[in-house]
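Asks: This is a predicted model, with the sequence first.
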Amino acid sequence: MRRRLINATLGVVLVVVAVLGIPLALVETKAIETTARDNLKSEAARLLETVELRLAAGDEPDTQLLARMVTPPRYAAIGIPNRPVLEFGAKPGGETFEVTMRGELGETVTVAESRDKVSTEVRDSLLLILGVALLAVAAAAALAVWQAQRLARPLTELAETAERLGSGDPRPGRRRYDVPELDRVAEVLDRSAERIARMLTAERRLAADASHQLRTPLTALSMRLEEIIETEDHDIVKEEAAIALAQVERLTDVVERLLTSTRRGAPGRDPRTASAVTVRVDDVVRQQVDEWRPAVTKANRAIRVTGETGLEAVATPGALAQVLATLLENALMHGDGTVTIRTRRTGTSVVVEVEDEGTGVSDVLGARVFERAVSGHNSTGLGLAVARDLAEADGGRLELLQLSPPVFAVFLAANRGKATDHGAHDGDRGAAGRP
């Protein structure tokens, strides 16, 4: 491209120089020759006038005066009837310019000079024109090189930006070149880079969320299969197989929710557009207690369920279960002692609290516990962040109510279509773990 721009610019300049320079050279040559001829005529006229004045007075021509009037190295010849020819200066050889004028008394005056002087002036003029033309071509070449670099550099940078986008580096260039067309291309590439960056971020987030959300049901499913392998009791096998099938259904629900969340740009989407329905809180809690019973037993710990019964909340099927599973897993991994699940209603919200008897969360970590990649025990730091996203997707929220002992609470909108059945308010509704 640079070569084409330079060649095009030089071609235009050469054409302009040729169109203007050649006529200018011809006009200048003609003007120099005309000026030289006019000078000879002027000098011949002065000599003729002087001779006529002397002859009209009856005197002889003043040769000394005439000699002084002839400009060297010109040659002048004055012819008077019946008198010898008067010559002044050296007669030039070769090509000459000469002018002859005749007076009223029959006298003639011829003035001549060598053509070399005119040729020298013509050559000097042509050399000056040629020098100006070469200077113009040199300036045009420099301008063409500068312009080519000015236009080629942005294109090179834009090509590098496009190549970088294609290789998976979505950083925008943020460069502008004061050329509207190039700036338009740069803006389009920057917007594409931002879209690609958002897509890559969403894909990485989906992969991280999927791996974390699928890990818990897969772990529970593995424990159920281990129970089936280790027992020979047909009734226990049937029971564990039914629970395993429920885990498979939950896995399917998690995958569908992840895909729906990606298509809608969630988590964090408008709850009015989410697939939230009425969920019986007791059923979800019971299902989670049954699911985590093997892990609790293996850790020689217990789960205690207390609070109000018959509560119904508005949530996405499986989302509340996933949030509770995350809180229970967090309590088993980082907490200690008995894990308590407490349900209650406050105002228009249904609250499900998960508490354990561990040392809790530090003041520094407590302010950032729901941030991604923030963990106090070398874990992934995704669990609580994903759980909060799931709660917010249903119009609820997940909060850390107490640092030590730690108390996490899920707030969901209560179902207003049905009065709640207040059962055990303070007593235990069930326990699992240590006998």
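Replies: Okay, I see it.
Asks: which residues touch residue 279?
Replies: Residues counted as contacts of residue 279 (C-beta atoms under 8 Å, 6 or more residues apart in numbering) are 312-315, 317, 320. No exception for glycine: its C-beta is placed from N, CA and C like everyone else's.
Asks: what sits against residue 338?
Replies: Shown in contact with residue 338 (C-beta under 8 Å, 6+ apart): 301-304, 356-357, 433.
Asks: separation between it and residue 300?
Replies: 11 Å (C-beta to C-beta, to the nearest Å).
Asks: Check residue 50 too.
Replies: Relative to residue 300, residue 50 is positioned 144 Å away (C-beta to C-beta).
Asks: Which one of these two is surrounded by more residues?
Replies: Using other C-beta atoms under 10 Å as the criterion, residue 50 and residue 300 rank with residue 50 on top: 17 against 8.
Asks: How much space separates that one from residue 69?
Replies: Distance of residue 50 to residue 69, computed by C-beta to C-beta: 7 Å.
Asks: Give the rounded mean pLDDT of stretch 161-179.
Replies: Averaged across stretch 161-179, the pLDDT comes to 75.
Asks: ok so, going back, so which of the contacts of residue 279 sit within helices?
Replies: Using DSSP state H, residue 320 are the members of the contacts of residue 279 that sit in helices.
Asks: Switch the contacts of residue 279 over to JSON lines; also include pLDDT and neighbour count.
Replies: As requested, the contacts of residue 279 are exported to JSON lines (pLDDT from 0 to 100; neighbours: other C-beta atoms under 10 Å):
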{"residue": "312", "pLDDT": "92", "neighbour count": "22"}
{"residue": "313", "pLDDT": "91", "neighbour count": "26"}
{"residue": "314", "pLDDT": "89", "neighbour count": "20"}
{"residue": "315", "pLDDT": "86", "neighbour count": "30"}
{"residue": "317", "pLDDT": "65", "neighbour count": "16"}
{"residue": "320", "pLDDT": "86", "neighbour count": "26"}
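Asks: from the contacts of residue 279, which ones fall inside strands?
Replies: Of these, the ones assigned to strands by DSSP state E are 312-315.
Asks: And these, which is closest to residue 415?
Replies: Nearest to residue 415 out of those is residue 312 (C-beta to C-beta; 3.9 Å).
Asks: Now for the spatially closest residue to the closest one that is not a sequence neighbour: which residues touch it?
Replies: Closest residue in space to residue 312, ignoring its immediate chain neighbours: residue 415 at 3.9 Å, by C-beta to C-beta, 6 or more residues apart in numbering. With contact taken as C-beta under 8 Å, 6+ apart, residue 415 is in contact with 278, 312-314.
Asks: show me where the stretch 251-400 of the chain has strands.
Replies: Ranges of strands within the stretch 251-400 of the chain are 277-280, 303-307, 312-315, 339-346, 349-355, 397-402, based on DSSP state E, counting those that start in this stretch.
Asks: All set, thanks.
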